[in-house]
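Novice: Take a look and give me a structure for this.
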Amino acid sequence: MAMGFVLLFTVQGKAQEGHVKTVFNSNLRSSGGYAALTNKFTTIRGDYTNLAGLYGGWFINHRMMIGIAAAASTNDLRVPDEFSTDRNERRTWQYGQFGLVSEYVMNSDKAVHLAFHLFGGAGFTLQYQRDDWDHNSHNNTSDENWFVVAEPGVQLEINLFKWMRLSPGVSYRATFGSDGKGLNDSDLRGVSYNATIKFGRF
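Specialist: Predicted coordinates:
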């Protein structure tokens, strides 16, 4: 009988050995961090717009990320003549945004799960002459316009590796206070379809 009790406790001890918490166990980190490269497909004034961006921050308890983000348009957004600051040039709009970002990740340890994303910060637009790259055309800017941006979204997050995740998603960009020539809030607001890849310690 005594031998049976000893055997029982030995088996239970080995079964629970992987769940024992210790003060110096480096595998029990409750926080980490990650960085993300993202590309958004959206519209501005009804025209297709590509927004390339990056963000990252501190990932707390495998649930909440708090950090910073930035994004900007990469394609040619031609300014119609009626809104151009110089009708002798072919002007292009530049859109950008930067600020704080947070993500709440549900069931982060599952292979496929949801992440809720929220961006809040400043946005800007300006006009420049895109065609004249050789003459540093970005110095030839005009109609600088600043406003507030809030962008909530949701992602379907896929754990490819322990250190990399793929997160397609959708978000809605809302702006407040834009008064650029031809670019009021209703022109800038819209849905974005996002493709994001994340690297880090999750």
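
Novice: From here on, just use CA atoms for contacts and neighbour counts.
Specialist: Fine.

Novice: Which element, helix or strand, includes the spatially most central residue of the chain?
Specialist: What sits nearest the mean C-alpha location of the chain, by Cα atoms, centre = their mean, is residue 55, with 5.3 Å. Assigned by DSSP states H and E, residue 55 belongs to strand 47-60.

Novice: List the neighbouring strands of that strand plus their orientation.
Specialist: strand 31-44 (antiparallel), strand 64-73 (antiparallel) (DSSP bridges).

Novice: Any idea what residue 157 is bridged to?
Specialist: residue 113.

Novice: Roughly how far does it sit from residue 114?
Specialist: According to Cα to Cα, to the nearest Å, residue 157 stands 6 Å off from residue 114.

Novice: Show me the strands in the protein, by range?
Specialist: Assigned by DSSP state E, the strands in the chain fall at 31-44, 47-60, 64-73, 77-78, 91-105, 112-129, 142-161, 164-176, 179-180, 183-184, 190-201.

Novice: outside of the first one, which residues touch it?
Specialist: If I follow you right, that is strand 31-44. For strand 31-44, contacts defined as Cα atoms under 8 Å, 6 or more residues apart in numbering pick out 48-62, 65, 187-202.

Novice: Kindly format the C-alpha coordinates of it as PDB.
Specialist: What follows is strand 31-44, C-alpha atoms only, in PDB (Å, rounded to 0.1, in the frame of the first residue of the first chain):
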ATOM      1  CA  SER A  31       5.000  40.700 -21.400                       C
ATOM      2  CA  GLY A  32       7.000  41.200 -24.600                       C
ATOM      3  CA  GLY A  33       6.800  43.400 -27.600                       C
ATOM      4  CA  TYR A  34       6.400  43.400 -31.400                       C
ATOM      5  CA  ALA A  35       6.700  45.500 -34.500                       C
ATOM      6  CA  ALA A  36       4.400  45.400 -37.500                       C
ATOM      7  CA  LEU A  37       4.600  46.300 -41.200                       C
ATOM      8  CA  THR A  38       1.200  47.100 -42.600                       C
ATOM      9  CA  ASN A  39      -0.300  48.100 -46.000                       C
ATOM     10  CA  LYS A  40      -3.700  49.600 -46.300                       C
ATOM     11  CA  PHE A  41      -5.900  49.700 -49.400                       C
ATOM     12  CA  THR A  42      -8.400  52.500 -49.100                       C
ATOM     13  CA  THR A  43      -9.800  55.600 -51.000                       C
ATOM     14  CA  ILE A  44      -9.400  59.400 -50.600                       C
END
